[in-house]
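Trainee: Sequence first, predicted coordinates after that:
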Amino acid sequence: MQIIQKIGLAIFVIALVIFTLVPGLDSYKISAEDTKINNEYHSVAFERAAQDQGLYEREYSSTFALQSALKDVFAAAQKDLLTRAGEDKSGIPEGVSEWDFKLGDWLFKDYFKFDMYRDSSIGPVSGNPWLWFGLTIGLALLGGLMYILPKFLRPPGIKNDHIYHSSMTRGVNLTWRVLFIVATVIGVLTYGFFYMSGNLFWPGISALVMGIITALVFFAQKSIKHRPAKSASPPKFSAWLGIFTGIYLIGFYILLYWAPVHIVGWISMVSPLSEILNGGTASQWFLYGVLYTLIILVMGVRMMSKYMHNKYQLIRTGSVMFFQLGFAFLIPQILTLLNQPSMDLKNIWPLNYTFFFEWNINDLLAGGNLGIFMLVWGTVLVIIGVPLITYFYGKRWYCSWVCGCGGLAETLGDPYRQLSDKSLRAWKYERFIIHGVLLFAVIMTGMTLYGYFSGVRQIGFLNTGTVQQWYGFFIGATFSGIVGTGFYPVMGNRVWCRFGCPLAAYLGLVQRFKSRFRITTNGGQCISCGNCSTYCEMGIDVRAYAQKGQDIVRSSCVGCGVCSAVCPRGVLRLENASEDIARRAAQKRTIHISEDQIGVL
């Protein structure tokens, strides 16, 4: 069994190395047809500069070399048009605006998009994509399954398996964690300044809000007195494999969101599959969908092997695998193939923050009966579906059974669930941050809908488009993707769900104050082993509740049930009841016995 697993691990590593090298295997040769520009003045100037610099005559070894050459030609075309316009702008033809004639910096990305790089690629990957698909994704699937499937032959039951001794899963201590967070924040805000075209307001206001939250936690909430913060992480920096994994994931998301032209090789590999499923060429989002779905499926099998003794975990894992494969991936692809409006029917606002954007509403309304159904379906889910279903079943119905983010966290992120910070300080940060994101989403959506119905896009000093742009960058991309997944080996597998997801905040508010769901405890059976707290991915100190015999009713609890699955004494149970819904979340509950009655205080 171990030999098969070692071979599988070796195959996976080889596939990962090949996958990493693929974007650099092709070369690029561009033609005038590839760089066609609709604006007559810009097109003539660019063609002239391209001919002068021999842009179409050379073959470029990488997308970086091609992009650098394009920028040089673009700069020459800018200078040419600026000279022709003259200082007094007398060279601009009559009836033509200045910026229809001049070539602005912002037009570079508009004119030279991903499609141009893909169409100009030549080499082994673009020439034989199925081969490289098999050598990378295919081999990775084979190796992963060879490593995972033998686990089903082991005796059922939870085994810690030295999770705090592994370089992959042991995590880092508080000091290193803070350094990672600070470095990430500085990097994000710095890039955000350039992303917003040199507008300092949004990076500045974000830094101010983070400073206010920190001050509230440390001083208003008196967290500064709690030293050291509780942590089970190792005292030394030794989680090399985990940190490498995190950095690799962060790098992948940066390329995916902001530099897709540099992953043309990866996208070319999945283009034939895209043509089969939706009838079109692949984009970076199709690549992401393929990888995301396959990872959930394969790591879902691993999840089942680990928790095969628990029926709840087997069904729950099967559910997230089904919803990701069917609702998030295949159905949208098939609808696109049929020329119908497509969307992930389980992706709910405010997690799907673009749902009420003007372009999305217009697209759905133009999509006929199906598009109108999708618009109504999404709206009803937000207003009626979420609070009603959460009342009966808690937020677990979505976060642990349906959600794609939760599905990735529960499968790919499961080896890191023990790294969630259980400290009181982390909980205080959690409350301020996640509800702050929810408030941001509500304000942005309110401005969006107001602008849609009134036509007003400027409210005071805030522009709706700019607010949407910053939310998409800071929350939709950076927080949910780069931090939410890249920080698995640093802060556990539910970083996004715990600290940033606005839908989780919405669900949590309903669960905390008006839901039948709770985790009941039988404190008399608790032996204080700590398994429940160790495995809680949301940073809840479950053992503290069990020791007091107190039901667990926390807005952050996603009802994954792993705490119950790893308990050796059957102390914890996931239940639904409505008898004491108004008082079951009391700080401390005790049984009072008198001559007349027995009651709960």
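Mentor: All right, it came through fine.
Trainee: And the strands in this protein?
Mentor: Taking DSSP state E as the test, the strands found in the chain are 27-28, 121-122, 458-459, 462-463, 517-521, 572-576, 591-593, 598-600.
Trainee: Identify whichever of those lies nearest to L507.
Mentor: Evaluated over the strands of the chain, closeness to L507 peaks at strand 517-521, with 10.7 Å, by Cβ to Cβ. All C-beta spots, glycine's among them, are computed from the backbone N, C-alpha and C.
Trainee: Name the residues that touch the closest one?
Mentor: Strand 517-521 is contacted by residues 392-396, 511, 542, 545-546, 548-553, 557, 559, 563-564, 571-577, 584 when judged by Cβ atoms under 8 Å, 6 or more residues apart in numbering.
Trainee: Separate out the buried members of the residues you listed.
Mentor: 393-396, 511, 542, 545-546, 549-553, 557, 559, 563-564, 571-572, 574, 584 (16 or more other Cβ atoms under 10 Å).
Trainee: Can you list which of those residues are found in helices?
Mentor: 393, 396, 511, 542, 545-546, 563-564 (DSSP state H).
Trainee: Can you add distance to A77 and give those residues back as TSV?
Mentor: TSV is the format used below for these (distance: Cβ to Cβ, whole Å):
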residue	distance to A77
Y393	60
R396	57
Q511	57
V542	63
Y545	66
A546	69
C563	62
S564	65
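Trainee: re the thing from before, mean pLDDT lowest where, among the strands of the chain?
Mentor: Lowest mean pLDDT within the strands of the chain: strand 591-593, at a mean of 57.
Trainee: so what's F286 scoring on pLDDT?
Mentor: 96.
Trainee: which residues touch it?
Mentor: Contacts of F286 were listed using Cβ under 8 Å, 6+ apart, and they are 267, 270, 274, 278.
Trainee: who wins for neighbours among the residues you listed?
Mentor: With neighbours taken as other Cβ atoms under 10 Å, the top of the contacts of F286 is I267, carrying 28 neighbours.
Trainee: what's that one in contact with, if anything?
Mentor: 114, 118, 260, 282-284, 286-287.
Trainee: let's go with 6 Å and repeat that
Mentor: Listed by Cβ atoms under 6 Å, 6 or more residues apart in numbering, the contact partners of I267 are 282, 284, 287.
Trainee: export those to TSV and tack on neighbour count and distance to C529?
Mentor: Output for the contacts of I267, formatted as TSV (neighbours: other Cβ atoms under 10 Å; distance: Cβ to Cβ, whole Å):
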residue	neighbour count	distance to C529
A282	23	49
Q284	19	45
L287	22	43
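Trainee: G465: which of those is nearest?
Mentor: For the contacts of I267, the minimum distance to G465 (Cβ to Cβ) is 22.7 Å, reached by Q284.
Trainee: The closest one touches V261, doesn't it?
Mentor: No: with contacts counted by Cβ atoms under 6 Å, Q284 stays clear of V261, the gap being 9.3 Å.
Trainee: Domains of the chain: list them as residue ranges, please.
Mentor: The chain breaks down into these structural domains: 27-122, 168-258+341-499, 516-600 (assignment by automatic domain parsing).
Trainee: For the top helix by length along the chain, name the packing helices and strands.
Mentor: If you go by DSSP H, the chain has its longest helix at helix 424-454. For helix 424-454, the elements it packs on are helix 464-471, helix 495-499, helix 502-513, judged by 3 or more Cβ pairs under 6 Å, 6 or more residues apart in numbering; DSSP states H and E.
Trainee: coming back round to it: would TSV of the contacts of F286 with distance to Y28 and pLDDT be doable?
Mentor: Shown next, in TSV, are the contacts of F286 (distance: Cβ to Cβ, whole Å; pLDDT from 0 to 100):
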residue	distance to Y28	pLDDT
I267	14	96
V270	19	96
S274	21	96
N278	26	95
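Trainee: Thanks again, I'm all set now.
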